[in-house]
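**Q** Here is the input, now give the coordinates:
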Amino acid sequence: MRPPGLKNVGIEQHLNERIPPDLTFRDETGKEVRLGGYFGKKPMILNLVYYQCPMLCGEVLSGLESALRVLKFNVGDEFEVLTVSFNPQETPATAAAKKAEYLKRYGRTGAAQGWHS
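**A** Below is the predicted model of the structure:
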């Protein structure tokens, strides 16, 4: 029996399938963007999170940021980061706030143009 908070939670695997490049979502400015518009320019790190997750998603973002900080390569120069919330109730304002928080921690000039939320 699932706890009430997990009533509608499940896992649906799509192993060996490609992410559709025509998938659209709103970025941190509220603009509708296509996933495929981010690919083909530079290597991309794609991370899927809840921005307001009470447990692990914050750890995922913190872990990514701390791992990026020790690299010689810079976000925006040699590669880009795309952080996408899979919670449809989270807003572009929430994405912008999280992006600002992790860019401040990352602390490198020019990263804002290469880290998309």
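**Q** packing partners for the least confident helix or strand in the chain by mean pLDDT?
**A** For the chain, the helix or strand with the lowest mean confidence is helix 56-69, at a mean of 89 (criterion: mean pLDDT, DSSP states H and E). The helices and strands touching helix 56-69, judged by 3 or more CB pairs under 8 Å, 6 or more residues apart in numbering; DSSP states H and E, are strand 44-49, strand 80-85, helix 92-106. The way it works is simple: take the backbone N, C-alpha and C, and place the C-beta from them, glycine included.
**Q** Kindly export that helix (C-alpha atoms) in CSV.
**A** Extracted C-alpha coordinates of helix 56-69, given in CSV (Å, rounded to 0.1, in the frame of the first residue of the first chain):
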residue,chain,number,x,y,z
LEU,A,56,16.9,14.8,-3.1
CYS,A,57,16.6,17.3,-6.0
GLY,A,58,18.4,20.0,-4.0
GLU,A,59,21.1,17.5,-3.5
VAL,A,60,21.3,16.7,-7.2
LEU,A,61,21.6,20.4,-8.0
SER,A,62,24.2,21.0,-5.3
GLY,A,63,26.2,18.0,-6.4
LEU,A,64,26.2,19.1,-10.0
GLU,A,65,27.3,22.6,-9.0
SER,A,66,30.1,21.4,-6.8
ALA,A,67,31.3,18.9,-9.5
LEU,A,68,31.3,21.7,-12.1
ARG,A,69,33.2,24.0,-9.8
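**Q** Identify the bridge partners of the residue nearest to the spatial centre of the chain.
**A** The centroid of the chain falls nearest to residue 83 when counting by CA atoms, centre = their mean (1.0 Å). Assessed by DSSP bridges, residue 83 has beta-bridge partners residue 47.
**Q** and the gap between it and residue 94?
**A** For residue 83, the distance to residue 94 equals 11 Å [CB to CB, to the nearest Å].
**Q** before we move on, the earlier item: now for the residue nearest to the centre of the chain: which residues touch it?
**A** 47-49, 61, 95, 98-99, 102, 115-117 (CB atoms under 8 Å, 6 or more residues apart in numbering).
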